[in-house]
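>>> show me the folded form of this:
(2 chains)
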Amino acid sequence: MIQASKMYKSFKDTPVLKGVSASFDKGKTNLIIGQSGSGKTVFLKCLLGLHGIDQGSISYDGTELDKMTPQERIQLRQDIGMVFQGSALFDSMSVEENIMFPMQMLTNKSEGEIRDRANTVINRVNLIDANTKLPSEISGGMQKRVAIARAIVMNPKYLFCDEPNSGLDPKTSIIIDNLIQEITEEYQITTVINTHDMNSVMEIGQKIIFLENGTKAWEGDKEEIFSTDNKSVSDFVYSSKLFKRVRTAYLNKRKD
Amino acid sequence: MKKLILTDIDTLIIRSMGIVSFISFFVGGVVAIQTALNMENPLLPRNLMGFATRQSVILEFAPTFISVIMAGKVGSYITSSIGTMRVTEQIDALEVMGINTYNYLIFPKIVALLFYPFVITIAMFLGVLGGYVACVYGGFSSSEEFIEGIQMDFIPFHVTYSFVKTFLFALLLATIPSYHGYFLKGGALDVGKASTTSFVWTSVAIIIVNYIITQILLT
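Reported below is the predicted structural model:
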């Protein structure tokens, strides 16, 4: 479980996070949603420790990030997997080398063991015939799968995904969403996903946190988001006609 | 780490040999021809061409001129490769994994460029050889006269001075472009801008360090 308490973060004189508190549960897909500029990415990077926070605290399974010894921080880093918005694959390495990379750098396992583990996760994310290809030679959807495989190769306790569906078509997006949810439940990982894809919200939103202007404006799950009377959330989630119709149909069905 | 260092030696040192050899040979030849053409007084000994070529190449051309060229070739490669990693979040990915990014990205380049004096040694040899070929085959002096000039009044400390400069330039070539790439902010366009800025600042630093070292060691 990851717990963020009253987090404040500013860049120069511009406050980005204004006292955000949230908890992210183990074995669930926890979504952070909000408009562009609402502070989602900064919040995620603060949770990861890539940005320091001005006030507040972040704890991983009860241990505060600020109070961790350098050794504990190194261990925590190895327990974290991250899927970046643009996948952040290493251009000069093949798919297999990208996935093997964290194990080569951080473990003392033999080349054979590392290759076996890499191939296990490659099969898990259904990457077929791509081992020797470079990231530039595969599609965006496959790049996301490689990024997910690289993120889970070290058996992380925590998985962070920054807009994993950006640039993907709706069908591939749902496949990636479902893959993340399956992996989360299978390995009992605490997964935090930053998104503004409403399909993801409806599909895998087991816990949803809505950020608005650097504050937490709403918290719930994908069922509660249908019936919320929070105007900011409704305006954001049901901004398209399609989703408005879906919501009306859902609420009518519940009345019946 | 060993693999990274060997890769950087290949990229930064071995793959620079072609352009360095080409430029050194022909600039050495041009230096010799220019010297020959400026020797109008028939009383001046013909071995002066070899002497002038050797001094120009060893003292300034090989260490300084080649380093400015390397600031363009190697420096912009370092800035753009690290900068691209920054804008595509690859450096963030390394940090999330718990990898020391300075150690992974910059240290191997510093170690690789410790082999830079070998490049300059070859530049010195080819510069003088280019001068020899231009003088002898261009009919400006005989082979014996040119070789006599190369050996005339040779001061070994000049080579030491040249390699002290080279070593310092190697450090500048590794660190300034790495800094501009690592701390890059923005997107693809900024990678291009950072490469240009890094070339300018590396060249400026090389020229200033050259002046200071010359003042300290040769006066």
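>>> so where do the helices sit in chain B?
In chain B, the helices defined using DSSP state H lie at B:2-8, B:17-37, B:48-56, B:66-70, B:76-87, B:90-97, B:101, B:107-112, B:116-137, B:143-151, B:156-182, B:188-218.
>>> try the stretch 1-150 of chain A
Along the stretch 1-150 of chain A, counting by DSSP state H, counting those that start in this stretch, helices occupy A:40-48, A:70-78, A:95-106, A:111-124, A:140-152.
>>> just the CA coordinates for the third one, please, in CSV.
As requested, C-alpha coordinates have been extracted for helix A:95-106 and formatted as CSV (Å, rounded to 0.1, in the frame of the first residue of the first chain):
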residue,chain,number,x,y,z
VAL,A,95,13.3,-5.8,-27.1
GLU,A,96,14.9,-8.7,-25.2
GLU,A,97,17.9,-6.6,-24.1
ASN,A,98,15.5,-3.8,-22.9
ILE,A,99,13.7,-6.3,-20.7
MET,A,100,16.9,-8.0,-19.5
PHE,A,101,18.5,-4.7,-18.7
PRO,A,102,17.1,-4.1,-15.1
MET,A,103,18.2,-7.6,-14.1
GLN,A,104,21.6,-7.2,-15.6
MET,A,105,22.2,-4.0,-13.8
LEU,A,106,20.7,-4.8,-10.4
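>>> distance from that helix to the middle of the chain?
What separates the centre of helix A:95-106 from the centre of its chain is 20 Å, taken as Cα atoms, centre = their mean, to the nearest Å.
>>> which positions in that helix come out as buried?
A:95-103 (16 or more other Cβ atoms under 10 Å in any protein chain shown). (Each C-beta comes from the backbone N, C-alpha and C, glycine too.)
>>> nearest to chain B, of those residues?
Using Cβ to the nearest Cβ, A:Pro102 comes nearest to chain B of the buried residues of helix A:95-106, at 5.1 Å.
>>> correct me if wrong: that closest one contacts A:Arg150.
Yes: A:Pro102 lies in contact with A:Arg150 (Cβ atoms under 8 Å); the separation is 6.6 Å.
>>> show me what from chain A comes close to chain B.
Chain A has residues A:48, A:50, A:73-74, A:77-78, A:80, A:82, A:84-86, A:88-91, A:102, A:105-106, A:160 near chain B, with proximity defined as Cβ under 8 Å from any Cβ of the partner chain.
>>> confidence score at A:Leu211?
Per-residue pLDDT puts A:Leu211 at 87.
>>> I'd assumed it was in a strand, is it?
Yes: looking at A:Leu211 with DSSP: H, G, I helix; E, B strand; the rest coil, it is inside a strand.
>>> run a quick neighbour tally on it.
Applying other Cβ atoms under 10 Å in any protein chain shown, we find 24 residues neighbouring A:Leu211.
>>> list the residues that contact the residue nearest to A:Met68 when sequence neighbours are not counted.
The shortest distance from A:Met68 to any non-neighbouring residue, by Cβ to Cβ, 6 or more residues apart in numbering or on different chains, is to A:Leu76 (6.5 Å). Applying Cβ atoms under 8 Å, 6 or more residues apart in numbering or on different chains, we find A:Leu76 in contact with A:49, A:60, A:65, A:68.
>>> quick check on those: which are buried?
By 16+ other Cβ under 10 Å, the contacts of A:Leu76 give A:49, A:60, A:65, A:68 as buried.
>>> how about the residues you listed in a markdown table, adding distance to B:Phe107 and pLDDT?
Output for those, formatted as a markdown table (distance: Cβ to Cβ, whole Å; pLDDT from 0 to 100):
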| residue | distance to B:Phe107 | pLDDT |
| --- | --- | --- |
| A:Gly49 | 22 | 82 |
| A:Tyr60 | 29 | 88 |
| A:Leu65 | 27 | 82 |
| A:Met68 | 25 | 84 |
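>>> return the most buried member of the helices of the stretch 1-150 of chain A.
Ranked by mean neighbour count, the helices of the stretch 1-150 of chain A are led by helix A:140-152 with a mean of 24 (mean count of other Cβ atoms under 10 Å in any protein chain shown).
>>> next one: phi and psi at the residue in chain B that chain A sits nearest to?
Closest to chain A within chain B is B:Gly98: 2.9 Å, counting by Cβ to the nearest Cβ. B:Gly98 adopts backbone torsions of phi 90, psi 20, taken as degrees, to the nearest 10.
>>> okay, it and A:Met1: tell me how far apart.
Distance of B:Gly98 to A:Met1, given as Cβ to Cβ, to the nearest Å: 21 Å.
>>> all set, thanks.
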